[in-house]
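> Sequence first, predicted coordinates after that:
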Amino acid sequence: MGKEQSEYTKGVITTTGSLDVLSMSKLYTSTCIGVKPGINVGGDLSYNISGDKAGPSSYNLGASYAHGPLFASVTSASKFSEFNMGLLYKYNADLSLASSTTHSSAKKVDLLAFGGSY
């Protein structure tokens, strides 16, 4: 209650938005574009529209690539101060390998997870 949300899709573009209509304090929007088959690019923005902290409060971008047995994604976090990378390789119907890492100026590589399925 108090939030107005919408989603609009046309072709390869999907956009979402929400507005806190009760306090008229925050606007959120995101967009994802299917650039080519297997390639998606998107971003989001959260904006404080009132008060002392008026202005962008969060913004990030991301992209993904899928082709055959490979899936890879890169997303930014914390206003581009961190980048997350995910990789998945499906070797065959029985074996998959995956990893998830975070990269930032404070820590060049933080391996969050590495694993497989057999």
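Ah, there it is. Because the structure is predicted, anything quoted here is derived from the model rather than measured.
> got the buried residues for stretch 46-61?
Across stretch 46-61, burial judged by 16 or more other CB atoms under 10 Å covers 47-48, 60. In short, each C-beta sits where N, CA and C put it, glycine included.
> Return the subset of these lying in helices.
If you go by DSSP state H, the buried residues of stretch 46-61 have nothing in helices.
> Just the closest of these to Ser30, please.
Asn60 (9.3 Å; CB to CB).
> and the residue lying closest to that closest one once chain neighbours are set aside, what does it touch?
The shortest distance from Asn60 to any non-neighbouring residue, by CB to CB, 6 or more residues apart in numbering, is to Ser76 (4.4 Å). By CB atoms under 8 Å, 6 or more residues apart in numbering, the contact set of Ser76 is 60-62, 82-84.
> Pull the residues that contact the helix or strand harbouring Thr31.
Using DSSP states H and E, Thr31 sits in strand 26-36. The list of residues contacting strand 26-36 from outside it, by CB under 8 Å, 6+ apart, reads 12-20, 40-49, 57.
> any idea which helix or strand comes after the longest strand along the chain?
When the chain is parsed with DSSP state E, its longest strand is strand 55-67. Next in sequence after strand 55-67, counting helices and strands by DSSP H and E, comes strand 70-77.
> Only C-alpha atoms, please: export that next one in CSV.
Only the C-alpha atoms of strand 70-77 are listed here, as CSV (Å, rounded to 0.1, in the frame of the first residue of the first chain):
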residue,chain,number,x,y,z
LEU,A,70,28.1,-20.7,-21.3
PHE,A,71,26.4,-18.1,-19.3
ALA,A,72,28.2,-15.0,-18.0
SER,A,73,26.9,-11.9,-16.2
VAL,A,74,28.4,-8.7,-14.9
THR,A,75,26.6,-6.3,-12.6
SER,A,76,27.6,-3.2,-10.8
ALA,A,77,26.7,-2.6,-7.1
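> about what we covered before: what are the bridge partners for the residue nearest to Asn60, then?
Phe83 (DSSP bridges).
> and what of Lys36?
Residues in beta-bridge contact with Lys36 (DSSP bridges): Ile39.
> tell me the angle the longest strand of the chain makes with strand 70-77.
Here the directions of strand 55-67 and strand 70-77 differ by 170 degrees (axes from the mean of the first three to the mean of the last three CA atoms, to 10 degrees).
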